[in-house]
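Engineer: Got a predicted structure plus its sequence, pasted below:
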Amino acid sequence: MMMQEFIARTGFTPTFEEYREIEKRYCAFDGDKDAFCKAFDPQEIIDRRAGKIGELESSLVEERKAAKKREEELLKRIAELQSDLDDELGWEPCKDMGTAVSQEDYLKLAKGNKPMTDEEAKDLVCGEFGFDKGKIEIIREVHTYEANKHRHTRKAASFRRDPYYEATDWFYVRFNVKGYTTWQWEADGLELKPYCT
């Protein structure tokens, strides 16, 4: 009996491996195709399939656990190696790049004050320092940097910095002035500080 004949008669579709077993049973069966197909009960094969699925799912769960554990071990090792490399390279805070205003001082100004809009910040910068308002872009993020013994630099931390105003000598605005080149600045009160990246 061909596999397609079996499927047509029983409505059950076995795998090729399962059909080899069915064919052996058919050869040992005392009767014709129709009688064999009528007597055929697929439940044993279905139960075996369910068992295999269960085994595969269990195996997959174990493999996922092992992969997760290995990933954690590798990430830990990467962190250790990165720490060793950082120690070897001697990373130190870079004083002449990024923000010159400490986050602590900024937060003191921000506490209890309302952030300025871009327009308010531009008006303040133009009024205090004489920049062309049309060339000013307000920046709301700053970074600190580190330098290593080979004078390579990297970003160390990032901070959101909205512009704030408390008094004529106590305000903060991070801004760029666009022209032939872009000049980066921080206004910390009446002190204008270059912002280098």
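Structural biologist: Good, I have the coordinates.
Engineer: mind listing what Arg19 touches?
Structural biologist: Slight slip there: residue 19 is Tyr, not Arg. Shown in contact with Tyr19 (Cβ atoms under 8 Å, 6 or more residues apart in numbering): 3, 6. From N, CA and C alone the C-beta is placed, and that goes for glycine too.
Engineer: after the helix or strand in which it is found, next one along is what?
Structural biologist: Taking DSSP states H and E as the criterion, Tyr19 maps to helix 16-28. Counting by DSSP H and E, the next helix or strand C-terminal to helix 16-28 is helix 33-39.
Engineer: average pLDDT for that following helix?
Structural biologist: For helix 33-39, mean pLDDT is 91.
Engineer: where does the residue nearest the centre of the chain land in three-state SS?
Structural biologist: By Cα atoms, centre = their mean, the chain has its centre lying nearest to Leu75, at 14.7 Å. Under the three-state scheme (DSSP: H, G, I helix; E, B strand; the rest coil), Leu75 adopts helix.
Engineer: Can you show me the CA trace of the helix holding Tyr19 as CSV?
Structural biologist: C-alpha atoms of helix 16-28 as CSV (Å, rounded to 0.1, in the frame of the first residue of the first chain):
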residue,chain,number,x,y,z
PHE,A,16,7.9,8.9,6.6
GLU,A,17,9.4,7.2,9.7
GLU,A,18,6.0,6.6,11.2
TYR,A,19,4.7,5.2,7.9
ARG,A,20,7.6,2.6,7.8
GLU,A,21,6.3,1.2,11.0
ILE,A,22,2.7,1.3,9.8
GLU,A,23,3.8,-0.6,6.6
LYS,A,24,5.5,-3.3,8.7
ARG,A,25,2.2,-3.7,10.6
TYR,A,26,0.3,-3.8,7.3
CYS,A,27,2.5,-6.6,6.0
ALA,A,28,1.9,-8.6,9.1
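Engineer: list the buried ones in that helix?
Structural biologist: Neighbour counts over helix 16-28 (16 or more other Cβ atoms under 10 Å) mark 18-19, 22, 26 as buried.
Engineer: Can you add distance to Leu56 and give those back as TSV?
Structural biologist: TSV is the format used below for these (distance: Cβ to Cβ, whole Å):
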residue	distance to Leu56
Glu18	16
Tyr19	21
Ile22	22
Tyr26	28
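Engineer: Go through these and name the one nearest Arg70.
Structural biologist: Distance to Arg70 across the buried residues of helix 16-28 (Cβ to Cβ) is lowest for Glu18, with 35.5 Å.
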